[in-house]
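**Student:** I would like to see how this sequence folds:
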Amino acid sequence: MATLNRPVWWSKRAWNAILWLPLAGLFFGVSALRRLAYRTGWLRAESLPVPVIVVGNIAAGGSGKTPVVIWLAAALRARGFSPGILSRGYGGQVQAPTAVQTDSDPQIVGDEPVLLARRTACPLWIARDRVAAGRALLAVHPEVNVLITDDGLQHYRLARSAEIVVLDETILGNAWPLPAGPLREPISRLANVQLLICNGVVSPRLQGLLPPVPQVSMHLRAQQFYRLNAPMERRDVTDFTGLRLHALAGIGHPERFFASLRGLGLRLESTRALPDHHAFSHEDLRVPAGEVLLLTEKDAVKCASLASADVWVLPVEACIDDAALDHLLESLHGPETA
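**Tutor:** I've put the predicted structure just below:
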């Protein structure tokens, strides 16, 4: 079912992927020229008055950026910073700069921004133009002294003080550029980032291709399940032993969620992968009486009005050594980072 989100030809260098190589070459050529134009000043990147940290990836698909943004916001706050967050608002309808609140409608502002607003309690603004979003946020929240951009590695018009790339080898596929493969930018692009966060195991082959930049590992740790229509009600994984369980995910990498559930020792009667940012319906959440549906936290923000008593949510948190922040702060300059 993961092919709903990722074309089948991304998985290996087969004939159907080869057919897309001419377009892939054109895509990479245009992307390279665009990067060069910003690097040489032919296109001008616009700076904001506070440091900007971009969290992104080089491949299409879910690499674990959202948990990293949540971790980074908490880590910066623990170091005395007042972070704000910028996002594109994918899956929503907003184009102009808009503030996202914990009770914002995810159908309008996007699911990830609502989740980030709830989990970080940081000022958060969205817009297609992240420069405009940053200016709007700072005008309303002058206390913010560092901005985190959720995704946006390729949004070069926004000047950045540091870049974090979240790398998940399982989504690199055939390592060819779009549309023949999932890569937005080549692996060599990682030589310019300030911190590489590896989600999961990195094979010796890939490790040999990675540039010598600061690198840390991370894993996603499951927290207690909570009931979708009563979030204060919590359950441990052992409470689901012996129940007939179904799992549903409309995220960039659904199989990671299903594997996480199985890794907790749960036996799943069925799994269903939907496209990333899917608009859920009552029918999507329907399960037979007496059985249980399990959701990701990102999907859950869109499903509250559709909730039944049999739907439970598994939140996760990124486990990353806090020393990783030291590498990042060395890249930032100015009184905000002293």
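**Student:** count of residues packed around residue 47?
**Tutor:** Applying other CB atoms under 10 Å, we find 14 residues neighbouring residue 47. For every residue, glycine as well, the C-beta is placed using N, CA and C.
**Student:** ok, now the one 5 residues further on?
**Tutor:** Number of residues near residue 52 (other CB under 10 Å) recorded here: 22.
**Student:** list the contacts of it.
**Tutor:** 134, 146, 147, 149, 158, 159, 160, 161, 162 (CB atoms under 8 Å, 6 or more residues apart in numbering).
**Student:** so what pLDDT did residue 18 get?
**Tutor:** Note for residue 18: predicted pLDDT of 94.
**Student:** low-confidence ranges, the stretch 201-338 of the chain, go.
**Tutor:** 307, 333-338 (pLDDT under 70).
**Student:** rerun at 50
**Tutor:** The stretch 201-338 of the chain contains residues with pLDDT under 50 at 334-338.
**Student:** from residue 180, how far off is residue 59?
**Tutor:** 13 Å (CB to CB, to the nearest Å).
**Student:** out of the contacts of residue 52, grab the one that's most surrounded.
**Tutor:** residue 147 (27 neighbours).
**Student:** what are the C-alpha coordinates of the helix or strand where that residue lies, in PDB please?
**Tutor:** Per DSSP states H and E, residue 147 falls inside strand 146-150. C-alpha atoms of strand 146-150 as PDB (Å, rounded to 0.1, in the frame of the first residue of the first chain):
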ATOM      1  CA  VAL A 146      15.500  31.900  16.600                       C
ATOM      2  CA  LEU A 147      13.300  30.500  13.900                       C
ATOM      3  CA  ILE A 148      12.900  26.800  12.900                       C
ATOM      4  CA  THR A 149      11.700  26.100   9.400                       C
ATOM      5  CA  ASP A 150       9.800  22.800   9.100                       C
END
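**Student:** strand partners (parallel or antiparallel) of it?
**Tutor:** The pairing partners recorded for strand 146-150 under DSSP bridges are strand 52-56 (parallel), strand 83-87 (parallel).
**Student:** count the neighbours of the residue nearest to residue 309 when sequence neighbours are not counted for me.
**Tutor:** In this structure, residue 309 finds its nearest non-sequential neighbour in residue 229, 6.7 Å apart by CB to CB, 6 or more residues apart in numbering. Applying other CB under 10 Å, we find 15 residues neighbouring residue 229.
**Student:** what of the one 10 residues further on?
**Tutor:** For residue 239, the neighbour count with other CB under 10 Å is 13.
**Student:** spit out the contact partners of it.
**Tutor:** residue 225.
**Student:** phi, psi of it?
**Tutor:** Residue 239 has phi and psi values of phi -70, psi -10 when expressed as degrees, to the nearest 10.
**Student:** give me phi/psi at residue 319?
**Tutor:** Torsion angles, degrees, to the nearest 10, at residue 319: phi -100, psi 110.
**Student:** what distance separates the start and the end of stretch 301-310?
**Tutor:** 16 Å (CA to CA, to the nearest Å).
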